[in-house]
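>>> when you get a sec, could you give me coordinates for this:
(one chain, ligands or ions: 2)
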Amino acid sequence: MDMKSNHAIEKGYESISSGQMYEIENNGESIYSMKKTLMMENAGSRIADFLIDEFKENILENSIVAVCGKGNNGGDSMVAIRHLSGYILARNKAKNKINLSVIILCSPEDFKTEESILNWQIISKMGSIRRLILDSNNIAEIEDEIKKANIILDGIFGTGIKGEIKEPYSKIIETINDNKGTTFILAVDIPSGLDPDSGKIIDKAISADATITFHRPKHGLLKNPENVGRLIVKKIGIPFETEKGVV
Ligand SMILES: NC(=O)C1=CN([C@@H]2O[C@H](COP(=O)(O)OP(=O)(O)OC[C@H]3O[C@@H](n4cnc5c(N)ncnc54)[C@H](OP(=O)(O)O)[C@@H]3O)[C@@H](O)[C@H]2O)[C@H](O)CC1
Ligand SMILES: [K+]
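Ligands and ions are numbered 1, 2, ... in the order given. Sure thing, here's the model as predicted:
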């Protein structure tokens, strides 16, 4: 992997730990009043811009599915789908049904943060986006939606992964990986299941074609090119000053 082109070793893009990332985010919020909602909005819009740039006109035809966990990794992915909806609808000459889905692997009440709750509320009002909520009897429907996707956003876990992966996340990770080769798998921030600091696979992990990570790469992303794929690092407007005393 050509690290240079991924600017993961350029000045200001040196890797950090997930703990340092949380400190920077919290400094952003507590010292600079940059709410995490703003960080999530910027992260999601960088994801959408990357896909538009990568797929060009084909983005209008592709079935794009965001698979979301209950944390802010899922929130980033919901923001990306919202941005893609606006882009595609505006350009969709045929005005036929666009093909965007948000699958959430939890019930909506499980969303804990203000920013994820807000983004689920917005998505829930948008007729252009198909929403599927995993429950005990629709796993086959969810797996079918994943199998049909041309592009999958892996928004299951990011830096908040801890320990052995509980079901149904483990099965869904397998389903997504089974599609590698026919589907473009974009990991949001961290391939789900990868330890963000060691790069080790905790139990099982998404094998992504590309990973888009925010602010700076986390150490683990530089240690596991197999699961990370092409690494893209995007700044999301967090004041650089937040790094003082952290990096
Ligand atoms: N870096 C930035 O500036 C920004 C990063 N953002 C995104 O936020 C995520 C981190 O979000 P967080 O909510 O802290 O955590 P995650 O979304 O990664 O996942 C946590 C949830 O996942 C569940 N979990 C954790 N481990 C397991 C497991 N082994 N099996 C099943 N489920 C698991 C956990 O559930 P609990 O029941 O334990 O609570 C959590 O709910 C970061 O990666 C970025 O994508 C911001 O959005 C923008 C700025
Ligand atoms: K992820």
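>>> now residue 29: which helix or strand?
Using DSSP states H and E, residue 29 falls within helix 18-30.
>>> cool, residue 75 as well?
Using DSSP H and E, residue 75 falls in helix 72-91.
>>> any idea of the pLDDT on residue 203?
Per-residue pLDDT puts residue 203 at 89.
>>> please apply the same query to residue 15.
96.
>>> same question for residue 93.
61.
>>> ligand 2 contacts on this structure?
Residues of the chain lying near ligand 2 by CB under 5 Å from the ion: 73, 154, 158, 187-188, 192. C-beta coordinates here come from the backbone N, C-alpha and C atoms, glycine included.
>>> of these - the most surrounded one?
Most neighbours among those, by other CB atoms under 10 Å: residue 188, with 33 neighbours.
>>> could you report the neighbour count for the closest residue to that one other than its chain neighbours?
Using CB to CB, 6 or more residues apart in numbering and skipping residues adjacent in sequence, the residue nearest residue 188 is residue 155, 4.7 Å away. Look at residue 155: counted by other CB under 10 Å, it has 32 neighbours.
>>> let me know whether residue 155 touches residue 73 as I believe.
Yes - counting by CB atoms under 8 Å, residue 155 does reach residue 73; the two are 5.1 Å apart.
>>> quick one, strands of the protein?
64-68, 100-104, 129-133, 151-155, 184-188, 210-214, 230-234 (DSSP state E).
>>> next, work out how far apart the residue nearest to the spatial centre of the chain and ligand 1 are.
In the chain, the residue lying closest to the centroid (CA atoms, centre = their mean) is residue 188, at 2.5 Å. Residue 188 sits 5 Å away from ligand 1, taking CB to the nearest ligand atom, to the nearest Å as the criterion.
>>> beta partners of that residue?
Beta-bridge pairing for residue 188 (DSSP bridges): residue 212.
>>> which neighbours do residue 155 and residue 73 share?
188, 192 (CB atoms under 8 Å, 6 or more residues apart in numbering).
>>> can you verify my assumption that residue 209 contacts residue 185?
Yes - counting by CB under 8 Å, residue 209 sits close enough to residue 185 to count as a contact (5.1 Å).
>>> tell me where the model's unsure across the chain.
Judged against pLDDT under 70, the low-scoring parts of the chain cover residues 1-9, 93-97.
>>> redo that, cut-off 80
For the chain, applying pLDDT under 80 flags the ranges 1-11, 92-97.
>>> quick check: residues of it near ligand 1?
21, 25, 36, 39-40, 43, 69-73, 75-76, 157-166, 169, 188-190, 214-215, 236, 238 (CB under 6 Å from any ligand atom).
>>> show me where this structure has its helices.
Taking DSSP state H to define them, one finds helices in the chain at 18-30, 36-55, 72-91, 114-124, 139-148, 169-178, 225-228.
>>> among the ones you listed, which is the most enclosed?
Looking across those with neighbours counted as mean count of other CB atoms under 10 Å, the highest average goes to helix 72-91: a mean of 23.
>>> just the angle between that helix and helix 36-55, please?
In terms of direction (axes from the mean of the first three to the mean of the last three CA atoms, to 10 degrees), helix 72-91 departs from helix 36-55 by 50 degrees.
>>> CSV please, covering the helices of the chain and showing distance to residue 219.
Output for the helices of the chain, formatted as CSV (distance: least, CB to CB, whole Å):
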stretch, distance to residue 219
helix 18-30, 8
helix 36-55, 19
helix 72-91, 18
helix 114-124, 25
helix 139-148, 29
helix 169-178, 22
helix 225-228, 12
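>>> so which of these gets nearest residue 200?
Residue 200 lies closest, by CB to CB, to one member of the helices of the chain: helix 225-228, at 10.1 Å.
>>> dump the closest one to CSV, keeping only the CA atoms.
Below are the C-alpha coordinates for helix 225-228, written out as CSV (Å, rounded to 0.1, in the frame of the first residue of the first chain):
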residue,chain,number,x,y,z
PRO,A,225,-3.5,-3.3,5.4
GLU,A,226,-5.4,-6.6,4.8
ASN,A,227,-8.5,-5.4,6.6
VAL,A,228,-8.0,-1.7,6.1
